[in-house]
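S.K.: Everything below, folded, please.
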Amino acid sequence: MDFTQALDIKVNEIETPPLLPEGTYIWRITKLPIGRNSDSGDWTFLDFNCVAVAAEDDVDSDELEEYGNLSSAFGQVSFIASTDPDRESDSKRTLDNIKKFCLNTLRVDADEDATLGELLNNTVGAEFYARAVHEIRKNDPDIIDLRVKGWAPLD
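M.R.: Presented below is the predicted three-dimensional model:
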């Protein structure tokens, strides 16, 4: 799309495209995880960007055809932790969840004494099963977000 050309489109001509149908897909991590902080600085996030590469039998084939090419079916797996030093146990739990996601779900190959950074560097291209779930945004019910939930390893 060229946004400069899109400026001439009348807003009443812009239609909401179909959503990726809910169901189970094989997802692939597309790039290195991205760390970010909330605007308030109270929370830190680690986001794994992924794309659906194949649909399983529980996905409605008619809805999938209407959606189109899976190459535009982007999702994200996110982990969140508090930056508050008094909530250290929560941060440790988040780190453990990231480790388990990398080792148990993505099946990242790593030495026993590998660092978390080394695990994360090996996630690009890793594939896993997960469900695409529609979630209505709490602060704007007109927006439906796609969530990638219920991860499982391919094997």
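S.K.: Could you work out the end-to-end span of stretch 32-40 for me?
M.R.: Stretch 32-40 has an end-to-end distance of 24 Å (criterion: C-alpha to C-alpha, to the nearest Å).
S.K.: Buried residues in it, which are they?
M.R.: Within stretch 32-40, the residues scored as buried using 16 or more other C-beta atoms under 10 Å are Pro33. Any C-beta I mention is one placed from the backbone N, CA and C, and that applies to glycine too.
S.K.: quick check: mean pLDDT across it?
M.R.: Summarised as a single mean, pLDDT over stretch 32-40 is 92.
S.K.: tell me the SS of the residue most central in space within the chain?
M.R.: Geometric centre of the chain, nearest residue: Gln76, 1.1 Å, by C-alpha atoms, centre = their mean. What DSSP: H, G, I helix; E, B strand; the rest coil gives for Gln76 is strand.
S.K.: residue ranges for the helices of the chain, please.
M.R.: Using DSSP state H, the helices of the chain run over 3-6, 61-67, 88-100, 116-121.
S.K.: What's the mean pLDDT across the second one?
M.R.: In this model, helix 61-67 carries a mean pLDDT of 95.
S.K.: out of the helices of the chain, nearest to Trp151?
M.R.: helix 88-100 (9.7 Å; C-beta to C-beta).
S.K.: residues of that closest one that come out buried?
M.R.: Under the neighbour-count criterion of 16+ other C-beta under 10 Å, helix 88-100 has 94, 98 buried.
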